[in-house]
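Participant: here is my input, please return the structure:
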Amino acid sequence: MSRSESRLARLLREMRVSFVLALPLVLSQLSSMAMNIVDTVLAGRHGPVTLAAVGVGSAVWSVVILVSIGVLMAVPPTVSQLNGAGRRADIGPVFRQALWLALVLGLALIFVVRAGAVALEPLGITAEARPEAVAFLRAISWGAPGLALFFCLRNLSEGVAWTLPSMVFGLVGLALLVPLGWGLMFGAGLGAAGLGYAVAIVLWCQAASMAVYLWRAPRFADLGLFTRFDPPSWPPIRALLRLGLPMGVSVFMEGSLFVATALLVGTLGTTQMAAHQIAILMASLCFMVPLGVAMATTVRVGHAVGAGDLPGVRWSAAAGFSLGMIAQTISAVLLIVGATWVASLFTTDPAVIALASLLMAYAAVFQYPDGLQALSAGSLRGLKDTRVPMFITVLAYWGFGLPLGAWLGISQGQGAPGLWTGLILGLSVAATLLGWRFWRMARRPLPAVHVT
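Facilitator: Have a look, this model is predicted:
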């Protein structure tokens, strides 16, 4: 076998391993997004005021999701490095401290959500939708600790390369939300508040079910996850925060770029806003694939770091990038070929269909930089490199992407296409700088695995 063939065989083998690990994560991310779609559909059936209220409330709630995801992303690379180093006995103590972090984070986010409810009037939200939006936020806020705990629990499982529970409990939560949301919204007559309570209940059910699974499953028995009670200990919590807070900022910077773009498009009229909503929904669905692959890549890179296997770090990243680019190519083709058909599923307005089709072509262009930045960030998380990537994302999204988009879309009158050009630039800058950062980090000697 030639050298080129042997390298190809190694890459294909690594891609198979990454695919098996990533597929449940992709389906889990899709189920999470489907929960947002269920919320929107149920709210729309209740009435336009409820739909508007839930839309506003969901925007505030998305901040909670982004912060929780980002901060608790510290768990998978920490666990995977310990697992790769053969230090499984150290995973349980770290996990118990991560639970304290998740609990405190979730309790704090209750107040963040309720503060968001108070801020609706100063933000200029219409008086008609405001009471229902406040009721939705107050109800869903009770789910913030459940959300944070569920992320912590599933991240532990993902960190030891067992991703199937993330998919199973994600799909179970989605199946539970439909009847529960309908019953509380319509049957109990609670409107938007009923939907908020339904989401909160589902999140707590997911957290409780995941905890029971980790406690009882033989796969985790040797970790001793729940064998004793550990009080909070600042050194390991500080280490998790040192790793997780920059990731929280990075995730928030990217998410807030899209939120800010949506708000700017909202000033351009109903046609442009409707077209933007259709196109961004399709782009978000496509993004779930590289996001799931990036999460799997974090685990595989972290495991290689723990094992002291520098070539393994590079091969794991190469497999993730290869899978991601294949997926993004398929997404780009589907977005271009199916744009008009997809847009017609949402509306019969010819102007909206035409503009949404154009924006989906823009979305096809940014599939590649979006996938590359997600995979580069995931690979860097596996190396526990988070501070420099945080500054890169701030620069790329808010230093380049949003200013250019606002200038083209608003100042130059290009509308939504101009704003989407800004998205493409921001993602491209992030992809270039994060990719360069990983290329440099992957050529250095591997650091020692440590917890505190």
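
Participant: longest helix anywhere in the chain?
Facilitator: Once the chain is assigned using DSSP state H, the helix that runs over the most residues is helix 3-46.

Participant: any idea of the mean pLDDT in it?
Facilitator: Throughout helix 3-46, pLDDT has a mean value of 85.

Participant: how about stretch 81-90?
Facilitator: Mean predicted lDDT for stretch 81-90 stands at 92.

Participant: host element of residue 418?
Facilitator: Under the criterion of DSSP states H and E, residue 418 resides in helix 416-441.

Participant: in stretch 270-284, what's buried?
Facilitator: Neighbour-count burial for stretch 270-284 flags 271-283 (criterion: 16 or more other Cβ atoms under 10 Å). All C-beta atoms are positioned from the backbone trio N, CA, C, and that covers glycine.

Participant: packing partners of the helix or strand that contains residue 104?
Facilitator: According to DSSP H and E, residue 104 maps onto helix 91-118. Counting contacts by 3 or more Cβ pairs under 8 Å, 6 or more residues apart in numbering; DSSP states H and E, helix 91-118 is packed against helix 48-72, helix 75-84, helix 130-140, helix 144-159, helix 234-265.

Participant: check which element follows the last one along the chain.
Facilitator: Read it as helix 234-265. Per DSSP H and E, the first helix or strand lying C-terminal to helix 234-265 is helix 270-306.

Participant: now the fourth one
Facilitator: With elements assigned by DSSP H and E, the helix or strand that comes after helix 144-159 is helix 164-182.

Participant: which other residues reach that next one?
Facilitator: 23-25, 27-29, 31-32, 34-35, 38-39, 42, 150, 154, 157-158, 194-195, 198-199, 201-203, 205-206, 209-210, 213 (Cβ atoms under 8 Å, 6 or more residues apart in numbering).

Participant: give the contact list for the nearest residue to residue 167 once chain neighbours are set aside.
Facilitator: Once flanking residues are discounted, residue 167 sits nearest to residue 24: 3.7 Å by Cβ to Cβ, 6 or more residues apart in numbering. For residue 24, the contacting residues are 163, 164, 166, 167, 168, by Cβ under 8 Å, 6+ apart.

Participant: rerun at 6 Å
Facilitator: Residue 24 makes contact with 163, 164, 166, 167, according to Cβ atoms under 6 Å, 6 or more residues apart in numbering.

Participant: likewise residue 139?
Facilitator: Residues counted as contacts of residue 139 (Cβ under 6 Å, 6+ apart) are 193, 196, 197.

Participant: how much space between the residue lying closest to residue 435 once chain neighbours are set aside and residue 389?
Facilitator: Spatial nearest neighbour of residue 435, excluding adjacent residues (Cβ to Cβ, 6+ apart): residue 376 at 4.6 Å. As judged by Cβ to Cβ, to the nearest Å, residue 376 and residue 389 stand 8 Å apart.

Participant: what residues are shared contacts of the two?
Facilitator: What both residue 376 and residue 389 touch, as defined by Cβ under 6 Å, 6+ apart, is the set residue 434.

Participant: between the two, who's got more neighbours?
Facilitator: For residue 376 versus residue 389, the count of surrounding residues by other Cβ atoms under 10 Å is larger for residue 376: 28 against 24.

Participant: what pLDDT does the more buried one get?
Facilitator: 96.

Participant: hang on, the earlier thing: can you pull the buried residues of the helix holding residue 104?
Facilitator: Judged by neighbour count (16+ other Cβ under 10 Å), helix 91-118 contains these buried residues: 91-102, 105-106, 109-110, 112-114, 116-117.

Participant: roughly how far out does that helix sit from the chain middle?
Facilitator: Helix 91-118 sits 17 Å away from the centroid of its parent chain (Cα atoms, centre = their mean, to the nearest Å).
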